[in-house]
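Enquirer: Sequence plus predicted model, see below.
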Amino acid sequence: MTLVVVPGERHVERLAREGTRAETRTSLRARLVAALLPDARFADPRETRLALAMALWPEEAFASASPTRQLDLFGGAKKADPVLAPLRRRGGASWVRLVASIDAALAVVRARGATAEDLDRVVAKAGGVTASRARALAVAMRALDAVLARMGARDGRLLGRALADAITRTSPATVAAHVGDPRVQARWLLAWDQGDLAWWRALDERLASANGWARVVLPSFDRPLEGSRERDALETLAEDLARGLDGAPEAEAIPMVLGDLAGSPPKPEGIARVRVVRAQDPVAQARAVTAVIAEALANGAAVERVVIAAPSLDERTLAPIRRAIEDAGIVAYEARGTSPSEAPVVSAALLAIEAAATLDRRAVARLLRSGFVEAAAIVGGDRREAAKSVARVAQALETKRMAAGPDAGARLVATAPEEDAAAARSVVAILEAAHAPRTRGDHVRSARALWSALGIGARAGRGGLESFARDEAPSGVPRAERLAIARDARAWESLVAALDAYENVAHASNALDHEIDADVFRLELTGVLDAAAARPGAGRAGAVRIARLADVAGDALDLLVVVDANEGVLPRDVSQDAIVSDALGEALAKASRGAFAPLSSAIARARELSALATAAAD
């Protein structure tokens, strides 16, 4: 028997129907980690980003770093004023963006196989901006690892190499027993980082001693080699993997439905399967996409075998498409998932934090009008009268001139109508109770108390409950109400879970007593919340799937719609990293003696085109 390793659950389902045993790469890796590294804990991306933020925040975290310009990313800061200091003082979005940029750079460095020691060698040999960036990343990497070590964890981006070492230390028979089959074949997997290649190569070496193997199968065009022609995308991808695997991957011939995507035109039968539609703007494109899908469904296409593939996950493209297909009554499923922070109840909860921090009258008015404030819990008495009183306070704050007063709270109360002064005082008292948190721990406790006092959690998912009191299938307004209620309920659960995760990481990393401002707390919490938005894209979902182009390889489809293919150009979802420049990448490749493998734009493009060619041919 041969175990086939595939990208997603939908591929597992497809092969299971054909009688083939299959498993996702993520699942196989998790099983091997549990068996061979039972005591190791690896931080997920949410924990890693938070741990980095908490590692970079204290000024003393870099007191031992030398030279003083330890986080001068661009080589231009004065010795007495490193880049970190002013951004830390400014806080808010500037600080959070800096942390995100450094985290993304560390992800690139570690995914491509470089270490802090490699960065140190770049600092010693290079100069200028390249040395400054290498020094900054080395300091940040060590600070992150120190915080994660206090948490009893390691950076999850090191999991592949740790697993490779564990596989190498384990006997071949034991490895084969844990895998379940001595022969393993990877199909439809086009994206491999250095960690993946490391453990897969180690797996192949161990299984070979047990009369087995671990091989990678890549799509290829069945045609003779010609020294004069340009390499196609599939050949470029195969050559890249051959370097990491120390051997050429196996080839699986596919027809050139779209040509070779390097200049050769498709065959006549391929042209018959392709339709090119021009659109002037994203809205026109969305209408064209909807028309094509509606026509395919009317002609018998299975809805779960229809995919909208976007080379770049750009909201300017996706938002009109979502609206157009929803207006047409077509159910869609987005594997990425929508951002929980965009849900109305979460927006209201985050707005409450902002209103408490600033006591800005417009923020307070928006909060009171959000529909997620329990007026009776604030004001007391009859629910309807309390709601009317709170609404009048909101209207006064929006329309009246601000009254005089000794402080912001007093001015808010004085601006409210006289008959609603009690309601205004109750609102201000709740906001002022959460007005002055200083540390991360204070912010967590303050947020919980604030949401509870305003009744936001109790209101989540309660509006329009009468729409659930009917037996018939909902349509129109009742259907919209049900969807909104369900979304708010899920989003609120996600927010509570994100706050718990935030507190756990802060506690484990001894960062609960770090003094931060409300903007930093709110943005960090939002980052944790939205990082959990991804969902698995199983093929059994009875809906049109919206996915990245790179994720459609190996899908058995009735219709593939590719959007944003402009004059043969496929915009990339991930652009060149802002910190790990080409110069730094080349310096790291030399310093690491080839261990660091830069991801060139040619390889990134080859992955996308290979996915397109494979999906079109299947």
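Expert: Great, that's in hand. Note that the structure is predicted; figures quoted are calculated from it, not measured. Residues are numbered from 1 along each chain as shown.
Enquirer: Could you list the buried residues of stretch 100-118?
Expert: 102-116, 118 (16 or more other CB atoms under 10 Å). Every C-beta, even on glycine, is put in place using the N, C-alpha and C of the backbone.
Enquirer: let me fix that: stretch 505-523
Expert: Neighbour count says stretch 505-523 has 505-506, 508-509, 511-512, 514, 516, 518-523 buried, by 16+ other CB under 10 Å.
Enquirer: quick one, strands of the stretch 1-150 of the chain?
Expert: All strands of the stretch 1-150 of the chain, identified by DSSP state E, counting those that start in this stretch, fall at 2-6, 22-24, 42-43.
Enquirer: brain fart, the chain
Expert: Under the criterion DSSP state E, the chain contains strands at 2-6, 22-24, 42-43, 154-155, 183-187, 213-221, 250-254, 257-260, 306-310, 332-334, 544-548, 559-562.
Enquirer: Tell me which of these sits nearest to residue 353.
Expert: Minimum separation from residue 353 across those (CB to CB) falls at strand 42-43, 25.6 Å.
Enquirer: just to revisit the earlier point, reformat the strands of the stretch 1-150 of the chain as a markdown table; add distance to residue 305.
Expert: Shown next, in a markdown table, are these (distance: least, CB to CB, whole Å):
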| stretch | distance to residue 305 |
| --- | --- |
| strand 2-6 | 17 |
| strand 22-24 | 18 |
| strand 42-43 | 36 |
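Enquirer: closest to residue 565 out of the ones you listed?
Expert: strand 2-6 (25.8 Å).
Enquirer: List the neighbouring strands of that closest one plus their orientation.
Expert: Strand 2-6 has the following sheet partners, assigned by DSSP bridges: strand 22-24 (parallel), strand 183-187 (parallel).
Enquirer: Using JSON lines, please lay out these together with mean pLDDT.
Expert: As requested, those are arranged in JSON lines below (pLDDT from 0 to 100):
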{"stretch": "strand 22-24", "mean pLDDT": "93"}
{"stretch": "strand 183-187", "mean pLDDT": "93"}
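Enquirer: looking at those, which is closest to residue 398?
Expert: Short answer: strand 22-24, nearest of those by CB to CB, at 51.8 Å.
Enquirer: Next, the buried residues of that closest one.
Expert: 22-24.
Enquirer: do the same with stretch 291-298
Expert: For stretch 291-298, by 16+ other CB under 10 Å, it's 292-293, 296-297.
Enquirer: just curious, which of these is nearest to residue 404?
Expert: For these, the nearest to residue 404 is residue 293 (60.0 Å; CB to CB).
Enquirer: so what's the closest residue to residue 138 other than its chain neighbours up against?
Expert: Counting by CB to CB, 6 or more residues apart in numbering, residue 138 lies nearest to residue 119, which is 3.8 Å off, once chain neighbours are set aside. If you count contacts by CB atoms under 8 Å, 6 or more residues apart in numbering, residue 119 has them with 109, 134-135, 137-138, 141, 588, 591.
Enquirer: Which of these fall in helices?
Expert: 109, 134-135, 137-138, 141, 588, 591 (DSSP state H).
Enquirer: Need these in a markdown table (columns: distance to residue 528 and pLDDT).
Expert: Listed next are the ones in helices among the contacts of residue 119 as a markdown table, based on distance: CB to CB, whole Å; pLDDT from 0 to 100:
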| residue | distance to residue 528 | pLDDT |
| --- | --- | --- |
| 109 | 23 | 86 |
| 134 | 29 | 87 |
| 135 | 29 | 86 |
| 137 | 23 | 88 |
| 138 | 26 | 89 |
| 141 | 21 | 91 |
| 588 | 30 | 82 |
| 591 | 34 | 80 |
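Enquirer: Mean neighbour count, the strands of the chain: which tops it?
Expert: strand 306-310 (a mean of 24; mean count of other CB atoms under 10 Å).
Enquirer: Out of the strands of the chain, which gets nearest to residue 12?
Expert: Short answer: strand 22-24, nearest of these by CB to CB, at 4.6 Å.
Enquirer: middle-most residue in this structure, spatially?
Expert: Here the mean C-alpha position of the chain is nearest to the C-alpha of residue 531 (CA atoms, centre = their mean), at a distance of 4.9 Å.
Enquirer: Would you confirm that that residue contacts residue 47?
Expert: No: look at residue 531 against residue 47 with CB atoms under 8 Å: they stay out of range, at 9.6 Å.
Enquirer: about what we covered before: would you mind giving the strands paired with strand 2-6 as CSV with distance to residue 437 added?
Expert: Listed next are those as CSV, based on distance: least, CB to CB, whole Å:
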stretch, distance to residue 437
strand 22-24, 42
strand 183-187, 49
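Enquirer: closest one to residue 13 among those?
Expert: Across those, closest to residue 13 is strand 22-24 (CB to CB), at 8.6 Å.
Enquirer: Nothing else from me, thank you.
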